[in-house]
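Undergrad: fold the following, please.
(2 chains)
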Number of protein chains: 2
Amino acid sequence: MDARAEVLLEGRWQPSRDGAGEFRGYDPATGEALAPAFPVSGAGDAQAALAAAAAVADELAAADPQRIAAFLDGYAQAIEDDAAQLVALAHRETALPVEPRLAQVELPRTTGQLRQAARAAREYAWTEPTIDTAAGLRTHLAPLHKPVLVFGPNNFPLAFNAISGSDFASAIAARNPVIAKLHPSHPATGRRLAQLAHRSLLDAGLPAAAVQALYQLDNADGLRLAGDARLGAIAFTGSRGAGLALKAAADAAGVPAYLELSSVNPVFLFEAALRSRGAALAQEFVASCTLGVGQFCTNPGLLAVPQGAAGDAFVAAAAERIGASAGGVLFSHGVREHYLGALAQWRALGARALAGGEPAEGAGYRVRPALFEIDAPVFLAAPGLQAEAFGPASLIVRVADAAQAVAVARALDGQLTGTLYADADDREARDAVAATLRPKVGRLIGGRMPTGVAVSPAMNHGGPFPSTGHPGFTAVGLPAAIRRFAALHCYDHIDEAQLPAELRDRGPAGLMRKIDGRWTTDTIGAQA
Amino acid sequence: MDARAEVLLEGRWQPSRDGAGEFRGYDPATGEALAPAFPVSGAGDAQAALAAAAAVADELAAADPQRIAAFLDGYAQAIEDDAAQLVALAHRETALPVEPRLAQVELPRTTGQLRQAARAAREYAWTEPTIDTAAGLRTHLAPLHKPVLVFGPNNFPLAFNAISGSDFASAIAARNPVIAKLHPSHPATGRRLAQLAHRSLLDAGLPAAAVQALYQLDNADGLRLAGDARLGAIAFTGSRGAGLALKAAADAAGVPAYLELSSVNPVFLFEAALRSRGAALAQEFVASCTLGVGQFCTNPGLLAVPQGAAGDAFVAAAAERIGASAGGVLFSHGVREHYLGALAQWRALGARALAGGEPAEGAGYRVRPALFEIDAPVFLAAPGLQAEAFGPASLIVRVADAAQAVAVARALDGQLTGTLYADADDREARDAVAATLRPKVGRLIGGRMPTGVAVSPAMNHGGPFPSTGHPGFTAVGLPAAIRRFAALHCYDHIDEAQLPAELRDRGPAGLMRKIDGRWTTDTIGAQA
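TA: Below is the predicted model:
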């Protein structure tokens, strides 16, 4: 077996300073441990990472945005050049299919995000310059001048990886150093990405410590790191429990925490829509619920379905499809335990199992998808039924009428998404539910399943607490996602020569600026 | 004496539900208690306010922005019509001069802010619509659909009052109900404003419970209220201790907290500037330090001055002016106690008193301004010297060279402002200090004192923790200040008829929207 892997700290690969232990990735398909072993970092690595990142923060903030863009573009290219190896590593550690998921969907999404971030950096698109010439005031969004600590999730080994995903790209675009806390379920994928990032960073001539990576920390060390006032922000994608603990630590230190937590992504199906195309909707729903073995932030985990014949037919068709599904392999032993535990809790709280849910036969972390059903009054009386069963499971809440559907919407926690399937004849019920659901969700969806989060400037992958830590920000979509990692900086009667480029009389070519109340690309003081 | 004042709850004036006690305003010039007595609210009033505000939040969010604007404009007019009485009440409760401060400066600033907020509401200027027609995504900033709890400070009885200031105007412009926690040092002013706000609200046809006001809460009740998950946000202007306690309560409930806390607003004076115009700078500094008896968030509380003849001359001139100042009346017994205590702490930590600081003769809360001096190494070794002495006091830190000035800048906590006074010959030292100071402050100022916060779209009255709770937002300047009270809402394949006005194909007239990557006022789908 290989020696224990090195960590990327202080701009170079080096052995962990800590003897806190080691861990291994596992092949989810077999449950077998993989080589090499990776170190569990402790206070030594964490403090070294913080000190090194803080030491280069001002230099990175002052770097030419062209150089930042060159790094992000170069890194995207390096990922493409290394695609075969990256995809193979990610497949082995996550059991996600090579085709189409990893090779055709997730890797291009990753490089596309990095290139969009490069473009935003190059064009200053995230800086929102606002100028009042009469008052002598010029304000923009600026780097934090502090490191951003990114915790990556298990479910996107490339596109949300702490060292290559949207949080990473956004924090770098705003010229902040990143300390990436990789996910322990795919350490070899993370290491490979870190190698590519490190080389691309050096190629671009940026400070070598601007990107660092730790594989794993125990809980106490993770909380201590997240609560260090030298940080400019933390970003976390994962479970509600872990995220809220990190948020509490960051809050206490005055460090903004951007979380993307669990969500059951309620889907409301209305009577006329079910009557006209119930079988097709059952197919669409089951495909979405089981996509990626259900391991999506926007998996449809809760459906509101009317009582009566059309609802019964939909539920029966969905149950048949779920029951016929072979199931799939979850990311880890822990994810599987959580999934089976959540289903057991649904059962204990009165939900009826319509199909599946039992552990599947065979090796590794295989499970069957699951469909449960409950009546709205029972659901409304048991808030525990809102708990996310991360994986291919949905809970159908049967509603007697529009008022009960509204009551279900009203009872929901904050969510990333909420979906409405309605035909023209459903208008009254749909409008009532929509009015209640709208402020509960970040993205309100009409007639399509919530899985599939487009990387668009108009995306909101966010939502009210506790689906995220703040309702005003998105984790996906550029340049908007960059705003999380920016500070508002005002210059009051500061000479032109001391201003950042985007606030000078002649701004960067093509950049829209709000000057004296008017959006314009004009140069200040130029003749008309 | 009058009966105890009523509170504005649930859309009407009513006696407090709570027997938690009562309090009175005081005339700062005499120290005498004023009539009437005001109730200290407890859990009864707080819960009633929360329930009533939450109950109208959706209705207010759905209100026509024209109606919101009509309320804000009508309220501004009502304040102007009532100016004589308002100014008299504020003068009696704060001892701030009627002319020019209250009548010519603060009241017009207040009505100006309300009218700018009205305009932002009417024009949808704060909603930042972003549309991706190919992806079917339309996103904007929307109301929180939850109440905003505003805690007002003591130092602007009109322009930052919880029921008439920037936080109030911003939260209302985003169509959120406001629960105003008035400041107990000017309850009669707050009551009068609440009466005008209430009438203007009814005139505009908005829900009567959209604006409520409580005079006072004890600490435990205030923390309980700030930590209620039914709130959409809290806004607080005041002391660091109180603000951080409220932030902790709000954080735990997932409620964003916008704080504007203490700041010593460091001013760096450089050698050549002092040589060329030291006497004028001493005059300018003392005028800023003693303006409003020093009771400004942006009061220059810390000066870095070079050792040597030019610095000595500046310090001597400033000390002479401070020593000759008659002083003034602070807002309250508590402010005076805090001021004298902070000066005692400076003294205990080794600062030399150059002038003033002792309690002044006469009745009421009168004090003398104060100037202290310390050498940079002592300052750097004693973080307690950074504590704000709210009032007309400044601490001069004598620096041996540019490196020591940079060290002072590096040691500073986050600040609202930082100022540089430099001539051409100071360039090298100035650039070194500026680079260190820039990320520590919200507003970097060239050659003018920090007091005076223009209400401009390009203002940043914000800064890094702990001067505020989040570095990305400003408390002053519209429409930017509104963003604090908005949620990001995305519509994904939602029919035109169900979209909010600013996201429909034809947007509000003149509104700039980012459509398919281009800023434009165009209608979507219109022929070119």
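Undergrad: what's in contact with the regular element (helix or strand) spanning residue A:13?
TA: Assessed by DSSP states H and E, residue A:13 sits inside strand A:12-14. Residues from elsewhere that reach strand A:12-14, judged by Cβ atoms under 8 Å, 6 or more residues apart in numbering or on different chains: A:6-7, A:198, A:208. All C-beta atoms are positioned from the backbone trio N, CA, C, and that covers glycine.
Undergrad: what about residue A:464, distance to chain B?
TA: Distance of residue A:464 to chain B, given as Cβ to the nearest Cβ, to the nearest Å: 7 Å.
Undergrad: over to residue A:204?
TA: 22 Å.
Undergrad: next up, the contacts around the residue nearest to that residue when sequence neighbours are not counted.
TA: Among residues not flanking residue A:204 along the chain, residue A:71 sits closest, at 3.7 Å (Cβ to Cβ, 6 or more residues apart in numbering or on different chains). Taking Cβ under 8 Å, 6+ apart, we find residue A:71 in contact with A:118, A:172, A:200-201, A:203-204, A:206.
Undergrad: for ChimeraX, write the select line for the buried members of those.
TA: Selection of the buried residues among those in ChimeraX, burial being defined by 16 or more other Cβ atoms under 10 Å in any protein chain shown:
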select /A:118,172,200,201,204,206
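Undergrad: quick revisit: paired strands for the strand holding residue A:13, with orientation please.
TA: The strands beside strand A:12-14 in its sheet (DSSP bridges) come out as strand A:7-9 (antiparallel).
Undergrad: need the contact list for residue A:150.
TA: By Cβ under 8 Å, 6+ apart, the neighbours of residue A:150 are A:162-163, A:165, A:167-168, A:171, A:178-181, A:234-236.
Undergrad: that's a helix at it, yeah?
TA: No. When DSSP: H, G, I helix; E, B strand; the rest coil is applied, residue A:150 is found to be strand, with no helix at that position.
Undergrad: so the nearest residue to residue A:429 once chain neighbours are set aside versus residue A:410, what's the distance?
TA: Leaving aside its chain neighbours, residue A:429 sits nearest to residue A:402 (3.7 Å; criterion: Cβ to Cβ, 6+ apart). For residue A:402, the distance to residue A:410 (Cβ to Cβ, to the nearest Å) stands at 12 Å.
Undergrad: equivalent analysis for residue A:339, please.
TA: 28 Å.
Undergrad: out of these two, which sits in the more crowded spot?
TA: Shown here are residue A:339 and residue A:410; by other Cβ atoms under 10 Å in any protein chain shown, residue A:339 has more neighbours (25 against 12).
Undergrad: what's the closest non-adjacent residue to the more buried one?
TA: Spatial nearest neighbour of residue A:339, chain neighbours left out: residue A:391 (3.9 Å); criterion: Cβ to Cβ, 6+ apart.
Undergrad: equivalent analysis for residue A:349, please.
TA: Closest to residue A:349 by Cβ to Cβ, 6+ apart is residue A:382, at 4.6 Å.
Undergrad: number of nearby residues for the one you found?
TA: Neighbours of residue A:382 (other Cβ under 10 Å): 16.
Undergrad: cool, residue A:4 as well?
TA: Count around residue A:4 with other Cβ under 10 Å applied: 13.
Undergrad: same question for residue A:100.
TA: Residues near residue A:100, counting by other Cβ under 10 Å: 9.
Undergrad: which residues touch it?
TA: Going by Cβ under 8 Å, 6+ apart, residue A:100 touches no other residue.
Undergrad: from chain B, how far off is it?
TA: Where chain B is concerned, residue A:100 sits at a distance of 20 Å (Cβ to the nearest Cβ).
Undergrad: that residue: what secondary structure?
TA: Residue A:100 ends up helix, using three-state DSSP.
Undergrad: identify the residue nearest residue A:440 in space, chain neighbours excluded?
TA: residue A:412 (5.4 Å).
Undergrad: the one you found is in contact with residue A:433, isn't it?
TA: No. Contact criterion Cβ atoms under 8 Å: residue A:412 and residue A:433 do not qualify, at 10.9 Å.
Undergrad: what residue is smack in the middle of chain A?
TA: What sits nearest the mean C-alpha location of chain A, by Cα atoms, centre = their mean, is residue A:237, with 5.1 Å.
Undergrad: now do residue A:506: how many residues are near it, please.
TA: Applying other Cβ under 10 Å, we find 12 residues neighbouring residue A:506.
Undergrad: what's the pLDDT at it?
TA: Note for residue A:506: predicted pLDDT of 97.
Undergrad: ok, it to residue A:523 distance?
TA: 4 Å.
Undergrad: now swap in residue A:233 and tell me
TA: Taking Cβ to Cβ, one finds residue A:233 at 34 Å from residue A:523.
Undergrad: so the residue nearest to residue A:204 is in which element?
TA: With DSSP H and E as the criterion, residue A:71 is inside helix A:65-81.
Undergrad: so how far is stretch A:426-443 off the chain centroid?
TA: From the chain centre to the centre of stretch A:426-443 is a distance of 24 Å (Cα atoms, centre = their mean, to the nearest Å).
Undergrad: what residues of that stretch count as buried?
TA: Result for stretch A:426-443 [16+ other Cβ under 10 Å]: buried residues A:426, A:429-430, A:433-443.
Undergrad: in TSV: those residues, plus pLDDT and distance to residue A:361.
TA: Converted to TSV, the buried residues of stretch A:426-443 look like this (pLDDT from 0 to 100; distance: Cβ to Cβ, whole Å):
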residue	pLDDT	distance to residue A:361
A:426	98	42
A:429	97	43
A:430	98	42
A:433	98	40
A:434	98	43
A:435	97	47
A:436	97	43
A:437	98	39
A:438	98	44
A:439	98	45
A:440	98	39
A:441	98	38
A:442	98	39
A:443	98	38
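Undergrad: looking at the residues you listed, which is nearest residue A:216?
TA: residue A:442 (30.0 Å; Cβ to Cβ).
Undergrad: count residues in the vicinity of the nearest residue to residue A:41 once chain neighbours are set aside, would you?
TA: In space, and not counting its chain neighbours, residue A:41 is closest to residue A:214: 4.6 Å by Cβ to Cβ, 6+ apart. By the criterion of other Cβ under 10 Å, residue A:214 has 30 neighbours.
Undergrad: and what of residue A:199?
TA: There are 13 residues near residue A:199, going by other Cβ under 10 Å.
Undergrad: what lies in contact with the helix or strand containing it?
TA: According to DSSP H and E, residue A:199 maps onto helix A:187-203. The contact list for helix A:187-203, computed with Cβ under 8 Å, 6+ apart, reads A:5, A:8, A:13, A:23-25, A:34, A:36, A:38, A:70-71, A:74-75, A:78-79, A:82, A:85-86, A:89-90, A:92-94, A:152, A:157-158, A:161-164, A:180, A:182-183, A:207-208, A:210-211, A:213, A:215-216.
Undergrad: next, the residue nearest to the centre of chain A: phi, psi?
TA: Per-residue torsions, residue A:237: phi -130, psi 120 (degrees, to the nearest 10).
Undergrad: hmm, residue A:258 and it touching each other?
TA: No. Counting by Cβ under 8 Å, residue A:258 is not a contact partner of residue A:237; they are 9.3 Å apart.
Undergrad: mutual contacts of those two, please.
TA: A:167, A:475.
Undergrad: list the contacts for the residue nearest to residue A:440?
TA: So residue A:412 contacts A:264, A:266, A:302, A:386, A:418, A:437, A:440 (Cβ under 8 Å, 6+ apart).
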